[in-house]
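In: would you be able to build a 3D model of this:
(one chain, ligands or ions: 2)
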Amino acid sequence: MKTLAVLSRKGGAGKTTVSLSVALAARQAGLRVVVADVDPLHSAAEVMRTRPEASSMLFETTASKLFIVQDACRQNGCDLLVIDTPAAPDADVLRAANVADLCLAVARPTSLDVAAVRESITLIRRAGHPGLVVLNQCPPTRGGEESDVVVQALERLRFGHLPIASTKLRSRIAYQRAFAHNCAVTEWDPASEAAAEVLRLLAEISDQMTLAPAGPAPPREARSGPGPVHLMRAALKRLA
Ligand SMILES: Nc1ncnc2c1ncn2[C@@H]1O[C@H](COP(=O)(O)OP(=O)(O)OP(=O)(O)O)[C@@H](O)[C@H]1O
Ligand SMILES: [Mg+2]
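Out: Numbering: from 1, shown residues only. Ligands and ions are numbered 1, 2, ... in the order given. A predicted model of the protein is given here:
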């Protein structure tokens, strides 16, 4: 089982949007996914609560209980635990980073978010776990050219010495529409550009922490076939 902590020290950067988009896309791809909502505002739960699978997929909890939640997930054959964190306090964000196999630091391409992401990077370093910066709410490209705000943010982020996801999530109304219908963009409109970028991000995350179904080991003679990561990639392609 792998644990992904989604964090940003800046409110509204897109932690909940990224957490749920990735978690629900991974579920569609066939992984057993649990979302731990440790934000006292419980925005992730607000989106998920009315879904039929919420009782098995959603933990509204606190950061101090993450070890227990993680253990329960492991015992129950979960493949991926996604933690949606609050912007503060530091101690809670650090608790999430401490149990994560990978931390996603979400930032909008603004100078204030980029400044805040440096704090997230410091925190991820303290936890000693790998991290990946994801730019969210980016303006659309024009004629294939990135907007200057994205170019500038990328330049400033390079000094953080944390890998930056090549997939950028654009500012799209589809994210808000999907949540209003208690689903992710990959469910709401699988053919949309929003769904495609979420699937690309999920593939990058999978590359970083080798996401795969935790099912029983295949029999020896089956091992020469495609591995679980390839199977997951094939599932992602089918959804794209
Ligand atoms: N890529 C996007 N395109 C359009 N709207 C977005 C996008 N990402 C986030 N939003 C919107 O921005 C707002 C804040 O996003 P979200 O709740 O995911 O941020 P957050 O970091 O979890 O906030 P908080 O710090 O309050 O937990 C929401 O209304 C959400 O729908
Ligand atoms: Mg949130």
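
In: C-alpha from now on. contacts and neighbour counts both.
Out: Noted.

In: next, count neighbours for Asn76.
Out: By other CA atoms under 10 Å, 10 other residues sit near Asn76.

In: revised request: answer the last question for Thr50.
Out: Thr50: 12 neighbours (other CA under 10 Å).

In: show me what contacts it?
Out: Asn182 (CA atoms under 8 Å, 6 or more residues apart in numbering).

In: ok, now how distant is it from Met57?
Out: 11 Å (CA to CA, to the nearest Å).

In: can you check His42 too?
Out: 14 Å.

In: equivalent analysis for Thr122, please.
Out: With distances taken as CA to CA, Thr122 is found 30 Å from Met57.

In: ok, Asp113 - contacts?
Out: By CA under 8 Å, 6+ apart, the contact set of Asp113 is Lys10, Ala13, Ala107.

In: the bottom helix or strand of the protein by mean pLDDT?
Out: Least confident helix or strand, the chain: helix 228-239 with a mean of 44, by mean pLDDT, DSSP states H and E.

In: just the ones in strands from the contacts of Asp113, please.
Out: Ala107 (DSSP state E).

In: any chance of the contacts of Asp113 in TSV, with neighbour count, distance to ligand 1 and pLDDT too?
Out: TSV is the format used below for these (neighbours: other CA atoms under 10 Å; distance: CA to the nearest ligand atom, whole Å; pLDDT from 0 to 100):
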residue	neighbour count	distance to ligand 1	pLDDT
Lys10	22	6	93
Ala13	22	4	97
Ala107	30	8	97
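
In: so which of the contacts of Asp113 comes closest to Val150?
Out: Minimum distance to Val150 across the contacts of Asp113 is 10.8 Å, recorded for Ala107 (CA to CA).

In: who is the closest one paired with across the strands?
Out: Leu135 (DSSP bridges).

In: wait, what's in contact with it?
Out: Contacts of Ala107 by CA under 8 Å, 6+ apart are Ser8, Lys10, Ala13, Gly14, Asp113, Val114, Val117, Val133, Val134, Leu135, Asn136.

In: if you set the cut-off to 6 Å instead, what comes out?
Out: By CA atoms under 6 Å, 6 or more residues apart in numbering, the residues touching Ala107 are Ala13, Asp113, Leu135, Asn136.
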